[in-house]
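Trainee: Sequence and predicted structure, then a few things I'm wondering about:
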Amino acid sequence: MVAPGYARAYQAQAVLTASPGQLILMLYDGALRFLGHARDALQSTDENARRIEIINTNLLKAQNIIAELQSSLNHEAGGDHAANLDRLYDYYLRRLMEANMRKKVEPVIEVEKLVRDLRDGWAEMLRTQDAGGMHQARGVA
């Protein structure tokens, strides 16, 4: 197992050296991680204050990441795509607030699926860009 200090240093370095596209992917991955923790806690049969704290903390972390994704949208360059993502992120935030207030798992599962779809599409776009750059570097494109 890697010492926590080394893991944090590695993660910090990964963030500092990531491209803007990779940073978005990292944000999606973080949101999915926190949504998964919240989902697991919501599905748990334990009835204690710690469970409620875990749900709340993880939903708030996921909401913060989604709010960061939303605030980073470039409406001038993105046009309709940015506007659509803005509305989508707003929907995610409302559903997660509902999940947190009512302690219901269904909105979390819904948002988790939608975020995963966006994340997978973003990852594919990055792979396509990288492959295009490789072809250009080799003189293929």
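Mentor: It's in. Numbering: from 1, shown residues only.
Trainee: Poorly predicted segments of this protein, please.
Mentor: For the chain, applying pLDDT under 70 flags the ranges 1-3, 6-17, 132-141.
Trainee: what sits against the residue nearest to the spatial centre of the chain?
Mentor: Central residue of the chain (C-alpha atoms, centre = their mean): Tyr28, 2.2 Å from the mean position. Residues near Tyr28 by C-beta atoms under 8 Å, 6 or more residues apart in numbering: Leu69, Val115, Leu118, Arg119, Trp122. Bear in mind the C-beta positions are built from the backbone N, C-alpha and C, glycine included.
Trainee: Helices - which of those land there?
Mentor: Leu69, Val115, Leu118, Arg119, Trp122 (DSSP state H).
Trainee: By neighbours, which of those residues wins?
Mentor: Val115 (23 neighbours; other C-beta atoms under 10 Å).
Trainee: picking that back up, need the ones in helices among the contacts of Tyr28 in JSON lines (columns: distance to Ala77).
Mentor: As requested, those are arranged in JSON lines below (distance: C-beta to C-beta, whole Å):
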{"residue": "Leu69", "distance to Ala77": "15"}
{"residue": "Val115", "distance to Ala77": "22"}
{"residue": "Leu118", "distance to Ala77": "18"}
{"residue": "Arg119", "distance to Ala77": "21"}
{"residue": "Trp122", "distance to Ala77": "16"}
